[in-house]
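A.B. asks: missing the sequence, but the structure's below:
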């Protein structure tokens, strides 16, 4: 059986990205591996063992383009409205809160935010299938 352990994204400014993920989601650096041409930074918090791997290529001169293939990372929170207000207070520019319905029932209460590299993160109220 396979166990999901991390998801990797390429970042243009490693320190700026680590600051964002710490402020937004409480993700802390658990390991940093510096190589000659690139650095890998693994982030996580006490909510999950799953890690976000930030890859910083030292010679990257322009921000990455995502193309049409990237979707989003998703996280759940206890109180999405409180988190939305916290994001606004910290200047993290969350988009508006929305509710999604399916078959006449609320599926999710969510908002999206972009990290410094333009990656989308969905913040979901813990409920139903999103516990």
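C.D. replies: Yes, it's here. Being a predicted model, the structure only gives us computed values, none of them experimental.
A.B. asks: Give the helix, strand or coil label for residue 122.
C.D. replies: When classified by DSSP: H, G, I helix; E, B strand; the rest coil, residue 122 comes out as strand.
A.B. asks: What count of nearby residues applies to it?
C.D. replies: Residue 122 sits with 17 neighbouring residues when counted by other C-beta atoms under 10 Å. C-beta coordinates here come from the backbone N, C-alpha and C atoms, glycine included.
A.B. asks: from here on, count from 4
C.D. replies: That works, and once the first residue is 4, the last one we named lands at residue 125.
A.B. asks: how about the nearest residue to it, chain neighbours excluded?
C.D. replies: Leaving aside its sequence neighbours, residue 125 sits nearest to residue 77 (C-beta to C-beta, 6 or more residues apart in numbering; 4.3 Å).
A.B. asks: What of residue 55?
C.D. replies: Leaving out its chain neighbours, the residue that sits closest to residue 55 by C-beta to C-beta, 6+ apart is residue 46, at 4.7 Å.
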